[in-house]
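In: Curious how this folds, go ahead:
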Amino acid sequence: MSGGGPAHSQACLLCNQDLAGAFYRRLSAAEVVKACAIPTPKKKTLKANSKTAVWGYFYKGIRPALVAKPGDEVFVEMVTHHAGDDYAKMIQGDPGLEDIYRWTKEGQTMFMRGAEGGGQGVHVLTGPIHVCGAEPGDVLQVDILSLSPRKNPRTGKSYGSNAAAGWGYQFRAGFKDNDPREVITIYEVTKSGGKVYVEPDYQFRFAGGKTGYPGPTTPCATEKGYMPRNQPGMGKNWSNSGRMYSGNEVPCTNGTQTWPGYYYPGVITSHPTGTEKYGIRGKFKVPANLHIGNIGLAPDYNDTVNSIPPGVVGGNMDNKRVAPGSTLFLPVQVAGALLSMGDAHTAQGDSELDGTGVETSVNGKFKLTLHKKADLPPSLKNLDFPLIEDDTHYVVQGYTQKDWLKELKDPQNTVFSTSSIDKAMVVAYKNVRDWMMQSFGLTEDEAITAITIAVDFGITQVVDGNFGVHALVPKSVFKLK
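Out: As a prediction, the model looks like this:
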């Protein structure tokens, strides 16, 4: 099912953009084939709106929002799924965000949020992009040329949200005052001396506290539906008749729902809530490290896949090194690769401890290169994890479950209860050991000593249902064969 819109010229229809770069519909399989067969511009644009994005899932059965060829440069808008934390600062006056977040008593423009429609996945993902010629066994190279914060056209400013949410590690470790709480910090993105910073503006509780604030109230979320914009024969009906969200029942009463926690993506908080605190202003500012939290390909899986756990084909890696100037290598599992991206951050430390980075809408420019299976260099042969390269390091990623969709029984319901940093360390070690042996021509014993004295391991994230550990291999020491 595709959306309607103004007429396009044939050439620009196949580029998936009109002269202004706007987009109104998705492409059929026949249109994809034709787009790959005819000359098209080398630079393409994919704007974010309710027709070009999906909310909370990857799936090989989604119609592509854009067709690109190897060598193309693609400009992509990425919208944060936390903009509802401050509607006035992050949504109001921005047509793309207003469209994505529109939620009235008549319904939601993006009514399927999550792999099963009820929040089983949270990220707004722009795409997917069909890459001409990509086949299983190939590797897609994504060069991140630039990232810039999206400015609200009404204010000319950029803001982001850091949600210290219920899935954050502080809920595992415990609170000093024994008052478990979800607290949101709104950050302004500023510029000083030619450098970009994030500065805290204010904080508020999502719900609860001394004021007894019950949490935001919205119209009732869509209860059931049919997956939008799917390939013929690859759609699905979904239903959430029990009104269960993240394991919590939130009843629909007189046409509204009141949310006592971060259980469902895109909930809009109306300010003031009575919980706002401004004491954090001026206490610190952090140099921005713009990066993409969630960028990946469609996995070869016969159902919609929750966008939260990262895996073999990338996804919600939350590695701050997926940043301007870096290159990402992703193993292709389905025809066309089907690249999607979102969940951009203006700042985040390793671990993403409290649950999120500074979640910000960001625009990016990318170059796509396809490495065919038959011609892969040793460093990319049999690649079964996302590989990052920057100016100084190769970054080898590992997770609790190397391939959670294949390794776990009932994976989408069990992955969140199996997370372990110890297991992620084992996988990261084995990944970097095997990759270094293949890439640098080392024996196992040579690799073990080289890793021990030259490679740094770090905790990527402890919040995404499939905990991550990365290994930093210095390019100054090791040279690819």
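
In: contacts and neighbour counts: CA atoms only from here.
Out: Fine.

In: What are the phi and psi values at the spatially most central residue of the chain?
Out: In the chain, the residue lying closest to the centroid (C-alpha atoms, centre = their mean) is residue 294, at 2.4 Å. With angles defined as degrees, to the nearest 10, residue 294 sits at phi -130, psi 110.

In: Check residue 277 too.
Out: Here residue 277 shows phi and psi, under degrees, to the nearest 10, equal to phi -130, psi 140.

In: so what's residue 96 up against?
Out: Listed by C-alpha atoms under 8 Å, 6 or more residues apart in numbering, the contact partners of residue 96 are 48-50.

In: Mind giving me the PyMOL command for buried ones among those?
Out: Here is the PyMOL selection string for the buried members of the contacts of residue 96, based on 16 or more other C-alpha atoms under 10 Å:
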select buried, resi 48+49+50
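
In: In CSV: the contacts of residue 96, plus secondary structure, pLDDT and distance to residue 282.
Out: Formatted as CSV, the contacts of residue 96 follow (DSSP: H, G, I helix; E, B strand; the rest coil; pLDDT from 0 to 100; distance: C-alpha to C-alpha, whole Å):
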residue, secondary structure, pLDDT, distance to residue 282
48, coil, 97, 33
49, coil, 97, 34
50, coil, 96, 36
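
In: by contact count, what packs against the helix or strand hosting residue 427?
Out: Using DSSP states H and E, residue 427 falls within helix 421-440. If you count contacts as 3 or more C-alpha pairs under 8 Å, 6 or more residues apart in numbering; DSSP states H and E, helix 421-440 packs onto strand 393-399, helix 444-454, strand 468-474.

In: For that helix, the averaged confidence score.
Out: Over the span of helix 421-440, the pLDDT mean works out to 98.

In: So for it, what gets flagged as buried?
Out: Buried, per 16+ other C-alpha under 10 Å, within helix 421-440: 421, 423-429, 431-433, 435-439.

In: The closest residue to residue 80 other than its chain neighbours: what's it in contact with?
Out: Leaving aside its chain neighbours, residue 80 sits nearest to residue 361 (4.8 Å; criterion: C-alpha to C-alpha, 6 or more residues apart in numbering). Contacts for residue 361 (C-alpha under 8 Å, 6+ apart) come out as 77-80, 149-150, 160, 343-345.

In: Which two of those have the greatest separation?
Out: Between any two of those, the greatest separation by C-alpha to C-alpha is 15.3 Å, found for 77 and 160.

In: Compare the two (neighbour count), which wins?
Out: The neighbour count for residue 77 versus residue 160, taken as other C-alpha atoms under 10 Å, is higher for residue 160 (32 against 27).

In: And for whatever helix or strand that one lives in, what's in contact with it?
Out: Using DSSP H and E, residue 160 sits in strand 158-164. Here strand 158-164 makes contact (C-alpha under 8 Å, 6+ apart) with 82-83, 85, 89-90, 149-152, 182-190, 346, 354-361.

In: Of those, which belong to helices?
Out: Cross-referencing the contacts of strand 158-164 against helices under DSSP state H gives 89-90.

In: Indicate which one of the helices and strands packed on helix 421-440 is closest to residue 270.
Out: strand 468-474 (34.4 Å).

In: Kindly export the closest one (C-alpha atoms) in CSV.
Out: Presented in CSV, the C-alpha positions along strand 468-474 are these (Å, rounded to 0.1, in the frame of the first residue of the first chain):
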residue,chain,number,x,y,z
GLY,A,468,27.5,-4.3,23.1
VAL,A,469,31.2,-4.4,23.5
HIS,A,470,33.6,-3.1,20.8
ALA,A,471,37.3,-3.6,20.1
LEU,A,472,39.5,-0.7,18.8
VAL,A,473,42.2,-2.0,16.5
PRO,A,474,44.8,0.8,15.9
